[in-house]
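Engineer: Kindly generate the corresponding structure for this input.
(3 chains)
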Amino acid sequence: MFRLIKDTLGSQCVTLWRVFMHAFAKTDTVEYPDVQPQMAARWRGRIILSRDPDGEERCVACNLCAVACPVDCIALQKAEDEEGRWYPEFFRINFSRCIMCGFCEEACPTNAIQLTPDFEMAEYVRQDMVWEKEDLLINGTGKYHDYNFYRIAGKKIAGKDKGEARNEEAPVNVRSLLP
Amino acid sequence: MAKISVDGIEYDVNPENNLLQECLSQGLDLPYFCWHPCMGSVGACRQCAVKQYRNEEDKKGTIVMACMTPASDGSIISINDQQATDFRSHVIESLMISHPHDCPVCEEGGECHLQDMTQMSGHNYRRYDFKKVTHRNQNLGPFIGHEMNRCIACYRCVRFYNDYAGGEDLAALGSHHHVYFGRHEEGVLENEFSGNLAEVCPTGVFTDKTFSAHYTRKWDLQTAPSICAGCGVGCNTAPGERYGTLRRVVNRYHHDINGYFICDRGRFGYDANSSKQRVGKALYRHGQEAEFKPLSSLEAKRQFAAMTGGDVIGIGSPRATLESNIALRDRVGVENFYAGFSDAQFDCLQEVLKSLREPGLYCPDVRQIERSDCVLVVNEDITNTSARLALAIRQAGRNAATDLANEARIPLWQDAAVRELAQNTRSPLIIVSPQGSRLDDVASATHLLQLDNQIHLLQAVAHAIDPDALKPTASNEVDEALSSSIAAQLCQAKNPCLVSGISAESPALVKACVNVAKALRAYRKHNSAEQNPVALCFAMPEANSLGMALLLETGGKPLRAALQRLASGSADAAIVMENDLSLRTSQTALAEAMAGGVPLIVMDQLHNRFNEQAQLLLPSSSVFEQHGTWINYEGRAQSSYQVFRPSEDILASYERLSALDPMQECGVSSELIMQEFARANDAFSALTQLRPPRVGISASLKSPRQSHRFSGRTAMHAQDHVHESQQEQDRASALAFSMEGVMLQKDSSLMASPWSPAWNSNQSISKFQQEINGELQQGSKGELLCVRQSTETAYDAISAKRDEKLTCFIISQLFGSDEISANAPAIQARSLGPYACIGQELALACGIRQHGLVDITTQTGRVQLPVIIRRQIAPNCIGIYPANEVDKYALLLGEITLQAVPDEDSHIASSRAMFDHLLIKDALAREA
Amino acid sequence: MSFEVGSALSIGAILFTVIIVAAMLIWVERRLLGLWQERLGPNRVGPFGLLQVVADMIKIFTKEDWVPPFADKFSFILAPPIIMVVILLSFSVIPFAPGVGVIDSDIGVLFVLAMASLGAYSVMLGGLSSNNKYALLGSLRAAAQMVSYEVFMGISLLGVVALAGSFNLREIVLSQSDGWFIIPQFVGFVIFLIAGIAESHRLPFDIPEAEQEIVAGYHTEYSGMKFGMFFVGEYLGVVLVSSLMVVLFFGGWLGPAFLPPIVWFVLKASFFIAFFVLLRAAIPRPRYDQLMNYGWLFLLPLSLLNLVLTGAYILWQEGL
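Structural biologist: Alright, predicted model coming up:
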C-alpha cells in the first residue's frame, strides 16, 4: 500500500515540484528577430559544399548524398577533368523540399556536403529556393579541416600521381621479376 | 538429380555442376569472384569456401572451394559454418589489402560485385598497416577505361577476353602481387567484345569509357528492356537514361540469344542518339529553296497532313520498327507501299524466308550455334556483320574439347582442365569467303574464293553429300577434293550448322546454302543415326530486315517499282521512312528517281546525304525512344520498350503516320497497331503473345522503369520550374516512368535492370534464372513467326559457273557499316573511311603499293580509294569498304579495271594513319 | 439595482467574468507552460502578449465552420453548446463571496454533480455524430472515463457534506470558519482533485483526445467556433473544478480581513488553475487501462474508506 502511494502520488509530486522549480531558471529561448540566437556548430541548417585543404572542390559527384536524400531534393551530374579528378558539373539542391535531416552529410565520403548553423532561408518566391553549385560552394573547409579525399584514394589526379596517396608504394614495374 | 544438404536443408541439384553453381541456383548467397556462369571454374579467388562433411557422423568437416567441388549426390556442406565464414572473411580481407579506397570516384560503385561480396563476407576495416601496391593505367582506346589499382586478380578479364572471345592483346602480366592485367603496350583493345570486360570485371578495373563521360549511378538510370538495332541478331539490351539523354547500354540476359555478352557496336553505338547529326526539329523547304526552315511540332504535323493528302507512295525501312512499317503501309495503302531495301536483298530475303519454312531444317539461335560441332561459314564476314553469332561460332569450336572431357570424365565446368586437355583440338569450322576474317584463328580451314566460285563449291558440296543434288557444270579435280572433304566433315557432325548471310546480296548464294542444307537433310535421313534437323541461318544486315520481308509477303512491292514511279512522277508525294535510299540503290538510279520531281517527305533520326534532298524532313524516334517490335534473323519477334520520352518534336514514325488529324495529341499506340495487325494476319498471330497481357495486374499496377533508389526527383528539373510536374504517363505499355509499381521481377521480359537484396551488380541476374545460366523465370522470350511447312521442297536450280574475271566484294566493318551507330563518337573513333583491299598478286600486277591509292573503274562508276594489301584475299578479287560513302551498287556491275594512282607521300601517310585503326591480321607489312 | 445573490447584476457579472477568465486561460496556460519549459510563450500581441486571446478569438470566429457531409448534422451541432451550457449552469451554485452568486441552493453539491454527468453527453454526442473512427474511440473513452470518475467524485465529497451537515455550498463554506476541510478531509481532497482532472479531461487525463494516438479524439472533425466551444468548455471546466476545490476544501472566500472576501476566493482559485497548468507541464498521460484500473481498484475503495472513517469520526464526536 505504501509502495503504491509512493509510486503513484509520491513520484508525481516530485515531478510537479521539479517542473515548478523551472519557473526560476533562465529561459533558453531568446526573442529571435531582436536577439540573434547562438547556434550550435552542429546545427542542421543551410547546406554548403566545402573545399579541401588545397582549395579544390571536395565534391567528387559520387551521388551518395542524392541517393541518401529522403525527399530526393539533390540532383547532380558527374564530370571529370583531363587529369582524372571527378567533380560535379552541376549540383542542385531544392531547398523548398529539403527537410534538413543531414543524411547527405552523413553519406558524404569526402566531407564535401555539410550543414551549417544558418537557418534564415525563407524566400518570397519558391523558385529562389533552388540553389545551384555556385550558390552552395564556399571557399573553405567548413567543419572538417584536414580531410582530403584524393590524398587517400588511389586515383591519379593533377598533382598527385599513382603511388603518391597515403600509404601507397610507388607503382610497380610489371616487367620486373624481382620479388 | 542429386540430393545435397546445405546447412541441414536438402536440395535437389544437378550433379553435373559444381557446388557453387548449384548453391546459387537454389537462391543461396555464397560469395565468389573468379567463377562466371559462362566460363566455368578455375578456383583462383578462394572466395567461395564452404565446409564439406564426409558423412552424417563427420562433425569436423573440411574447407573446400565450392566452385571446384562437384555437387555429387549425398554431399553435406555448410555455408554458414563459423570456420568457413571466417575463411571467407579473411580471403576478402587479403584481396582488399591494396584496394585503393576510391569507390566514390569509381564508375562501378553501386553495381560492384566486389562491394557486394565484401559486404556479404563481412569485411569492413583494413587492418593491414603496410603500403598498398599501385599500378599505372593504360589508355585502352575509346571504349574501355582502365584503373588497375582496383584489381583483385580474379583473372576473369583474360579468361573472357582471350579464352572466350579470342582476343590476343590482353594478358596477365607480371608475377606474384605485381600481376597486371593489360596490353603489352598502351593501345586500343582490338577485340569486338572488349566492352563486356566492363561487365565481366567484378570491380572497376575495366569500365565503360563512354558511360563515364556522362556518368550516372546505376540506381539513377531510367531503364527499359530494349533490343539492339545494330544488326539482325536481336540481342537484348538495357539502355539507361538520365536527364533526358541516353547514358549507356548494357547487356540484358536472354537465354537463347545474347546470354551474358553483346558486341561493342551494340554497347557503344548508343551515343548516336544524342549526336550532332540528330534531326531535332522538323525542317521544311519551300519549293526550290536551298535552306531548310525549322517548324514547330504542330506546324510539322499540319504540313505533313497537307502534303500527304493525295496519292502518296511510302518506302519502308528494315531498320524501322515493324509497327512503323505497318503504319506506313496502312497510311499509303498496300498498292503504294514499297520495300526499303535493295532489290537484290529483296530477292535474297524471299529465299531466306523459304528456307525458314523448309521442314527438316532449323534456324539455330545463338545458344544452338554454340552447341554445333561443325560450322560452315559461307561468304559472310560474320564478325563484322553479326558479331554475336561469330562469338557463338567461336564457342562451337570447343565442342571437340567437350567430347574429350566427357571421355576423360572431367566435369565441363573445370575450365582450366578442359582447356589443358583439349589443347588445340577444335571442332571443325570451315570458312568459305573472299577474304580472311577474325574467325580464321579458330577455323579448321579457310577457303578463299570469289562469290561465283563459292556458289560453285557449295553446289559441289551438296552433290558430294547427296548425289541427287545437281552436279555443277565444269568441276575440276581440286574442286572435287575440296568439296568432298567439306562434305565429309558436315556428314560426320552430329549438329552441323551452316551460317551465311545476305550482305553479298546474291540470291544464288542463299539458294546454294539451302541446297547444301537440304542435301545434309537427305543424307541424315538415310545414313545417319542423327535425325535432328539441320541448322541453317542467314545473318541479317539490319534489325528488321526479316520483319520487312515478312511484311512484304502480305503486300508490298520491291524498291525498283517505287523508283520507277518516282522517276515518272506519278505520285503526289513520297514518304521515305527511316531510310537512306542512297545506300539502297546506285546513285544514278536514285538521281533519275529524284528527277521525277515528286515532293519528298523523309522521316529519320539522323541527317544523311539522302534526307538533305527532302522537302519535309521529320525527326523520328530512335529505338530507345519508342516501343517497337523487331524480328531477328531467326524470325523471332521481340519487343523493345521506350526508355525515355524525347522532346515533343521527335515522334515515333508510327505515331506520326497513324495520326490522321494533325491536331491529335499522338497517334495510335504501337501495341494497338501490332495487335490489330496480328489479328488481321494469321502469319503474325503470335505477335499477340509478345507483350505481357494488359489485363489484371499489369494493367493496373505497372512496372517501374526507375529503381527504388532513384534519386533527385524533386531537384532534377527544379532549375526550370520548382513545382514538380506530374510524372509522365505511359499508356502504351506495362511500364511506368516512375519508381513506383509492382516489382519488376513479376515478368522478366519487363525487367531491364536486375536487382536483388545484397546483389547490386549485374550478377544479380542469377536470382531470376530458373537455374544458373538457364532461362529467366517468367516472361516472353520472343515469338518465332516462321512456321515450318510439312512438305519438303526439291533442290533449287542454280546456274553455277566458275569465274576468273576480276570482281568486287563489299567489306563490312563492325564499327561504321551500321548507319546509326556509325555516328556515335566512340564508334567514330574506331571507324575509318572507305578503302579497298587487294591480294598480293593483283597488287604486283597493277603496280599498287601498300597504302597507296587505287583508281577503280566500272561501267557505272569510278572511285579512288586507299589500298591495303592483304595475304588473305581470294584471287581476282577486290574488296571495297564503302563506309556509307562510296556507291557500292555502281561498283558491283560489269567489268572492273584497276589502276594505281601515282604515289604521293602525303596519301600514303594519311592512309597509313587511317589503317593503323584497322585490325587486319593478314595485312602485309608496309614495306612490301 | 442591488448586487446580491440572484440579482441580474450579479448573474451578469458572474457570467461575463467566468467566460472572460476561461478565454484568458488560453493565454495564461501558454505563458505558464512557457515559464515552466524555460521559454517565453506568447508575448508579441499587446503588452505581455495579452491580446493573444483577442487574436485567437478573431481567428476562431472567422474560420470556416464546416460540418462534414458524413456527420449526423443535428447532434454534431448540438454537442458543443451542451458542454458550455452545463458548465456555465454549474457556476450558478458556486458561492464566490458573501452576496456574490446566482442562487443559493440547498442541493448545490448534487446540482454540480448532476451537471457534470450531463457534460458527458456533449462529448459522446460529438464523437458519435462525427462518424469518424478516431472521434468514436475518443467519445467511448470519454464516456467511460467520465462516468467512472463521477462515482469517486461524488463519494469523495460526501465526507465534506457529512462534516458540514449540508449540501448547500454556501453553508459548507461557512462551516469551515473554524478550519478548512482540507485538514480532516485530505484524502477526500486528493480523490476529488484526481477525479476533477478526469472529469474535465485535462492533461494528464486527456485520454479522450490523446493527440498522439487518436488525432484529436471526439473533436477531430470540429472546426471554427464549434471547436472553440469545446475548447472554452474545457477551460470553463478547469475554472469550475478549481472553484469547487476552493469552496469545498479551502474555505471559499474566508480569509484574513485585510483583503476582501472575493479577492481571497480569486486568489485561491487562481492557485488551483495554475496547478492544473503545472500538471499539464509535468505529468505524462497514463494508458487508458491504467486510468480505469486506478479509478476502480484504488480510488473507489479509498473513497469508501474515507467516507466510513469520516462517518465514524462524526459519530464518535457526537458521543454516539
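Engineer: Now do the strand ranked longest in chain A: everything it contacts.
Structural biologist: Counting by DSSP state E, the longest strand found in chain A is strand A:86-94. Here strand A:86-94 makes contact (Cβ atoms under 8 Å, 6 or more residues apart in numbering or on different chains) with A:47, A:49, A:57, A:59-62, A:73-81, A:129-133, A:136, B:104-105, B:714-715, B:718-719, B:722. (Glycine included, C-beta is placed from N, CA and C.)
Engineer: Let's test this: mean pLDDT of that strand, rounded?
Structural biologist: Looking at strand A:86-94 alone, the average pLDDT works out to 95.
Engineer: just stretch C:264-274 next, same as before
Structural biologist: 90.
Engineer: okay, now B:Glu57: neighbour count?
Structural biologist: Counted by other Cβ atoms under 10 Å in any protein chain shown, the residues lying close to B:Glu57 total 7.
Engineer: returning to what we had before: whichever of the contacts of strand A:86-94 end up buried, select them in ChimeraX.
Structural biologist: Remark: buried members of those, expressed as a ChimeraX selection using 16 or more other Cβ atoms under 10 Å in any protein chain shown:
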select /A:47,49,57,59,60,61,62,73,74,75,76,77,78,80,129,130,131,133,136 /B:104,105,714,715,718,722
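Engineer: Report the contact partners of the residue of the stretch 151-300 of chain C found nearest chain A.
Structural biologist: Nearest to chain A, among the residues of the stretch 151-300 of chain C, is C:Ala282, at 3.8 Å (Cβ to the nearest Cβ). Contact analysis of C:Ala282 by Cβ under 8 Å, 6+ apart lists A:Gln12, A:Thr15, A:Leu16, A:Arg18, A:Val19, A:Phe20, C:Trp36.
Engineer: just C:Leu169 next, same as before
Structural biologist: C:Leu169 is in contact with C:Val93, C:Ile94, C:Pro95, C:Ser105, C:Gly108, C:Val109, C:Val247, C:Leu248, C:Gly252, counting by Cβ under 8 Å, 6+ apart.
Engineer: can you give me the mean pLDDT across stretch B:109-118?
Structural biologist: Confidence for stretch B:109-118, expressed as mean pLDDT, is 93.
Engineer: what about that stretch and chain A, any contact?
Structural biologist: Yes - counting by Cβ under 8 Å from any Cβ of the partner chain, chain A is contacted by stretch B:109-118 at B:Gly109, B:Gly110.
Engineer: Compute the first-to-last residue distance for that stretch.
Structural biologist: Chord length of stretch B:109-118, first to last residue, is 13 Å (Cα to Cα, to the nearest Å).
Engineer: got the contact list for that stretch?
Structural biologist: A:62-63, B:31-33, B:47, B:92, B:96, B:99, B:103, B:106, B:108, B:124, B:150, B:152, B:202-204, B:217-219, B:758-763.
Engineer: from these, which ones fall inside helices?
Structural biologist: Counting by DSSP state H, the contacts of stretch B:109-118 place B:Ile92 in helices.
Engineer: Buried subset of the contacts of stretch B:109-118 as a PyMOL selection?
Structural biologist: Of those, the buried ones can be selected in PyMOL as follows, counting by 16+ other Cβ under 10 Å:
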select buried, (chain A and resi 62+63) or (chain B and resi 31+32+33+47+92+96+99+103+106+108+150+152+202+203+204+217+218+219+759+760+761+762+763)
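Engineer: give me phi/psi at A:Val174?
Structural biologist: Geometry field for A:Val174 lists phi and psi as phi -60, psi -30, criterion degrees, to the nearest 10.
Engineer: Tell me who's in contact with it.
Structural biologist: B:His135, B:Leu173, B:Gly174, B:His178, B:Tyr180, B:Gly182.
Engineer: try it again with 10 Å
Structural biologist: Going by Cβ atoms under 10 Å, 6 or more residues apart in numbering or on different chains, A:Val174 touches B:His135, B:Arg136, B:Met148, B:Leu173, B:Gly174, B:Ser175, B:His178, B:Val179, B:Tyr180, B:Phe181, B:Gly182, B:His184.
Engineer: Going through those, which ones are buried?
Structural biologist: By neighbour count, with 16+ other Cβ under 10 Å, these hold B:His135, B:Arg136, B:Met148, B:Gly174, B:His178, B:Val179, B:Tyr180, B:Phe181, B:Gly182 as buried.
Engineer: Can you tell me the closest non-neighbouring residue to the fifth one?
Structural biologist: Ranked by Cβ to Cβ, 6 or more residues apart in numbering or on different chains and with sequence neighbours excluded, the top spatial neighbour of B:His178 is A:Val172, at 4.4 Å.
Engineer: Tell me how far whichever residue of chain A sits closest to chain C lies from B:Asp330.
Structural biologist: The minimum distance from chain A to chain C, using Cβ to the nearest Cβ, falls at A:Val19 (3.8 Å). Using Cβ to Cβ, to the nearest Å, A:Val19 is found at 81 Å from B:Asp330.
Engineer: in the helix or strand containing the residue of chain A closest to chain C, what counts as buried?
Structural biologist: Assigned by DSSP states H and E, A:Val19 belongs to helix A:11-21. Across helix A:11-21, burial judged by 16+ other Cβ under 10 Å covers A:Thr15, A:Leu16, A:Val19, A:Phe20.
Engineer: The chain: helices as residue ranges?
Structural biologist: Looking at chain A here, since you left the chain open. A:2-5, A:11-21, A:64-68, A:103-107, A:133-136, A:149-152.
Engineer: look at chain C instead
Structural biologist: C:8-36, C:52-62, C:73-91, C:108-130, C:133-164, C:169-174, C:186-199, C:211-214, C:224-249, C:261-282, C:288-293, C:300-317.
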